[in-house]
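Visitor: Below are the sequence and a predicted model for it; my questions follow.
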Amino acid sequence: MKPVEILLLFLCFNVFTFGAIGGPPTCPADLDGECGDSGEWKGEFFPGIPKIKYEGPSSKNPLAFKWYNAEEVILGKKMKDWFRFSVAFWHTFRGTGADPFGAPTKYWPWEDGTNSLAMAKRRMRANFEFIDKLGVDFWCFHDRDIAPDGKTLEESNANLDEVVALAKELQGSKIHPLWGTAQLFLHPRYMHGGATSSELSVYAYAAAQVKKAIEVTHYLGGENYVFWGGREGYQSLLNTDMGRELDHLARFLEAAVAYKKKIGFNGTLLIEPKPQEPTKHQYDWDAATTANFLRKYGLIGEFKLNIECNHATLSGHSCHHELETARLNGLLGNIDANTGDPQIGWDTDQFLTDIGEATMVMFSVVKNGGLAPGGFNFDAKLRRESTDVEDLFIAHIGGMDTLARGLRNVAKIIEDGSLPELVRKRYSSFDTEIGALIEAGKADFEFLEKKAIEWGEPKVPSAKQELAEMIFQLAL
Ligand SMILES: [Mn+2]
């Protein structure tokens with residue numbers, strides 16, 4: 001049995017149990033629930049939740065922004081344009097709370113326990129009410145989150161077309177995808193990977209699925225398209241031809257570039273690094289590894305990176321390090337805004353709540369001049385134990401406010417000027433005639449040896465790290 005079917009069985013069982021004991025309202029085919037005669041959901045999906053407004057830092061209202069004020073200009077740009085916040089359909093609307101040890105915990109009122117096309121459409125309506133009430137302009141999706149898999153590729157594509165047509169109608173003119181992507185990791189056919197599968201017919205199937213996902217992303221006005229190599233990696237090098245798999249991955253990405261151009265999709269192609277999970281070693285390990293891969297295969301100008309903070313920490317880096325590595329290589333394209341837990345060793349996909357981390361993240365974004373056409377996608381989910389519908393709003397509001405505080409802190413640090421000055425002073429010995437020669441590549445070893453003898457033992461100044469940390473803390 002497919003894992004997805006096991007999950008659905010769990011879900012059906014639990015919906016039935018809840019129905020029998022008068023638990024959360026559901027809308028199954030055999031009960032009235034809140035379904036109208038047409039089978040469509042009646043009224044609002046989030047009754048009692050207003051449009052979320054900015055109330056300022058003194059507000060105690062959990063359903064209001066305290067720091068994120070969309071229209072306010074900070075460092076020359078509106079906050080909404082710095083962030084370009086996006087709701088991740090998979091976590092917010094397909095996250096069930098199931099984990100490797102336990103069954104789903106979330107029973108959203110509009111779910112009927114099926115993976116039907118009718119349910120997919122109802123869920124899409126809930127998505128756009130959520131986006132409207134939260135006040136963001138973007139959403140992100142995998143093809144198979146928004147529409148059910150069919151028995152054949154043609155049937156899957158037809159299902160996707162039907163849901164995408166509804167999404168296009170519900171988007172209106174203001175909302176569109178920050179990015180779309182293809183889910184090449186859940187189905188058992190992808191157990192050895194998609195582009196790096198040892199089986200040629202799987203490579204072809206993955207190509208067909210990505211082709212379709214690029215088409216629908218383009219149709220919906222998406223601004224980017226993401227490749228996360230969910231199962232592109234290996235479990236053992238004993239049975240793996242790593243060189244051949246990497247060559248195949250490059251050919252796959254080349255074909256994606258060619259197809260994007262052929263259909264006139266101008267969105268940025270993004271690769272999302274992650275070091276491990278579910279495979280022991282994922283090929284897109286971190287920003288530096290991915291940049292090297294793109295350079296080796298001549299793809300560096302065609303892709304940017306989608307940096308996910310929790311993936312950064314899994315690879316042994318800080319999110320700030322990954323963002324700076326991407327930025328310095330001209331590859332910073334998008335951020336999957338989440339965080340991990342220092343005491344848990346796996347990808348927990350939590351909403352970012354650490355103001356210090358958010359400030360470091362925003363340092364890179366400000367230095368990059370923003371992320372557009374990328375933005376901040378909340379690739380983040382509620383904890384398994386958070387089960388109220390309003391928790392979906394509270395989590396996003398918390399994440400948006402945390403990043404807004406980060407941006408405000410960066411503005412304070414830039415205005416104060418003492419941290420940039422500390423860094424400038426630290427390298428000031430290079431702001432000299434000889435420093436300029438070195439940086440221009442005009443100082444050879446014989447010349448430098450002469451200078452070293454002339455100057456004698458160098459006087460090495462303090463790095464002033466604690467002072468830098470003190471200045472940083474004062475801005476938080
Ligand atoms: Mn992600």
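Guide: Perfect, I can see it now.
Visitor: From now on I want contacts and neighbour counts done on CA atoms only, so please keep to that.
Guide: OK.
Visitor: what sits against the residue at minimal distance from the centre of the chain?
Guide: Geometric centre of the chain, nearest residue: Asp336, 2.5 Å, by C-alpha atoms, centre = their mean. By C-alpha atoms under 8 Å, 6 or more residues apart in numbering, the residues touching Asp336 are 306-309, 376-379.
Visitor: please redo it, this time with the cut-off set to 10 Å
Guide: Neighbour list for Asp336: 85-86, 88, 272, 306-311, 349, 375-380 [criterion: C-alpha atoms under 10 Å, 6 or more residues apart in numbering].
Visitor: cool, and Ala255?
Guide: Applying C-alpha under 10 Å, 6+ apart, we find Ala255 in contact with 207, 211, 249, 261.
Visitor: Regarding it, what is its secondary structure?
Guide: Here Ala255 takes the helix state, with states given by DSSP: H, G, I helix; E, B strand; the rest coil.
Visitor: coming back round to it: give me the distance between the residue found closest to the residue nearest to the centre of the chain once you drop the neighbours it is linked to in the chain and Ala195.
Guide: Counting by C-alpha to C-alpha, 6 or more residues apart in numbering, Asp336 lies nearest to Glu308, which is 4.4 Å off, once chain neighbours are set aside. Distance of Glu308 to Ala195, computed by C-alpha to C-alpha, to the nearest Å: 21 Å.
Visitor: if you count what's nearby, which of the two comes out ahead?
Guide: Taking other C-alpha atoms under 10 Å, Glu308 and Ala195 do not tie; Ala195 has more neighbours (29 against 26).
Visitor: quick one: Arg244 and Ser198 touch, right?
Guide: Yes - in terms of C-alpha atoms under 10 Å, Arg244 counts as a neighbour of Ser198; the distance is 9.3 Å.
Visitor: Pull the number of nearby residues for Gly135.
Guide: 15.
Visitor: all helices for the stretch 1-150 of the chain, in order.
Guide: With helices called from DSSP state H, counting those that start in this stretch, the stretch 1-150 of the chain shows them at 3-20, 79-83, 89-94, 117-134, 143-146.
Visitor: Could you tell me the least trusted of these?
Guide: Between the helices of the stretch 1-150 of the chain, the one with the least mean pLDDT is helix 3-20; it has a mean of 40.
Visitor: I'd like to know how many residues surround Leu237.
Guide: Counted with other C-alpha under 10 Å, residues neighbouring Leu237 total 10.
Visitor: How confident was the prediction at it?
Guide: 98.
Visitor: gap between it and Gly243?
Guide: 11 Å.
Visitor: go on, Asp347?
Guide: As judged by C-alpha to C-alpha, Asp347 and Gly243 stand 27 Å apart.
Visitor: And those two? Which one has more around it.
Guide: Neighbours were counted for Asp347 and for Gly243 using other C-alpha under 10 Å; Asp347 has more, 19 against 9.
Visitor: Just read off the phi/psi values of the more buried one.
Guide: Dihedral pair for Asp347: phi -80, psi 100, per degrees, to the nearest 10.
Visitor: repeat for Ile307
Guide: Here is the backbone geometry of Ile307 (degrees, to the nearest 10): phi -90, psi 120.
Visitor: Model confidence for the closest residue to it other than its chain neighbours, exactly?
Guide: Counting by C-alpha to C-alpha, 6+ apart, Ile335 is the residue found nearest to Ile307 once chain neighbours are left out, at 4.9 Å. Listed pLDDT for Ile335 reads 98.
Visitor: Between Arg244 and Ser198, tell me which one has more neighbours.
Guide: Neighbour count, other C-alpha under 10 Å: between Arg244 and Ser198, Ser198 has more, with 16 against 12.
Visitor: now the more buried one, what's its secondary structure?
Guide: Once three-state DSSP is applied, Ser198 turns out coil.
Visitor: pretty sure it contacts Leu246?
Guide: No - if you go by C-alpha under 10 Å, Ser198 and Leu246 don't touch, sitting 11.4 Å apart.
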